[in-house]
Every structure is written in C-alpha cells, then in structure tokens.
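Q: Here is a sequence with its predicted model. Questions after.
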Amino acid sequence: QVQLEESGGGLVQPGGSLTLSCVASGTSVRFSDTDMAWYRERPFTQRELIAFISSRGATNYAGSVKGRFTISRDNGKNAAYLHMKEVEPEDTGIYYCNLDEYPPPTFDKGEYYGQGTQVTVSS
C-alpha cells in the first residue's frame, strides 16, 4: 500500500519562502517510474493541480504559481519537493502530495494522496 508522508508546512510571511517535502513508500514500481504532483486546496475552492513532475523529470505548473514555485524529486530518497518563493496570502491552503503509478500487468493507474499539510501566508 502506497503511503505518502508530507512535511514542511507552516506559517510564512508574504514574500517569504517555504519548501514542502513528500516521502513515498510501498510503491508497486520503482519510485523513479512514478509521476508526482502537488495539489492545493484553498478555502472555499476545489482542490487544484499546481505542479507536476513526470518520471522523466518533465514539469508543468498552474499559471498562478508558475515562476514562483518549483517541483523537484530525488529518486534516491523516494521524495518529491515543492519549493515555494515569493509567497502570497492567496497561496494559503492545504497542500497535498500526489503519486501516480502504473504497475504491471494491467498498467492501470494507481492514484494516491498524502494527508495534506497546511500552509498559511500571513504577516
């Protein structure tokens, strides 16, 4: 059973920086063969995809965070990260780590989420 453990959330001032971490365990395939992403759930809004990194290292970002947030992964540590800079009050929300894997023989997608970590941007 895949488990995702997030850490790094907290209170940060506007304009500041924060890094979120996500460590995975229990995958059916090598961690390096998984796709990773970060989702955000802001108050009174639906959960949204904000950053994605494929197994090959290709990245994609939501327009609201592009240029300010960077997603990365360390396959040796089974970890993914979200580096946040120039944060704004609108970045406040619960951040969820996501892992997708496609194990044989069916290669059906297995989709997993962490428990979420709260980020609050406030002075």
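A: Now that the structure is in, tell me what you want to look at. Numbering: from 1, shown residues only.
Q: so V23 sits in a strand?
A: Yes: assessed by DSSP: H, G, I helix; E, B strand; the rest coil, V23 belongs to a strand.
Q: ok, how many other residues are close to it?
A: Residues lying near V23 (other CB atoms under 10 Å) number 17. No exception for glycine: its C-beta is placed from N, CA and C like everyone else's.
Q: Now for the closest residue in space to D33 that isn't next to it in sequence, how many residues are close by?
A: In this structure, D33 finds its nearest non-sequential neighbour in S55, 5.1 Å apart by CB to CB, 6 or more residues apart in numbering. For S55, the neighbour count with other CB under 10 Å is 18.
Q: Hmm, S55 is touching A37, no?
A: No: judged on CB atoms under 8 Å, S55 makes no contact with A37 at a distance of 11.9 Å.
Q: check contacts around the residue nearest to D33.
A: Residues in contact with S55 (CB atoms under 8 Å, 6 or more residues apart in numbering) are 32-35.
Q: now do 10 Å
A: Listed by CB atoms under 10 Å, 6 or more residues apart in numbering, the contact set of S55 reads 29-36, 73, 75, 100-102.
Q: gap between K66 and E41?
A: For K66, the distance to E41 equals 19 Å [CB to CB, to the nearest Å].
Q: got any residues that touch both of S55 and A37?
A: Common neighbours of S55 and A37, counting by CB under 10 Å, 6+ apart, are D100.
Q: Setting aside sequence neighbours, what's the nearest residue to F69?
A: Spatial nearest neighbour of F69, chain neighbours left out: M84 (5.2 Å); criterion: CB to CB, 6+ apart.
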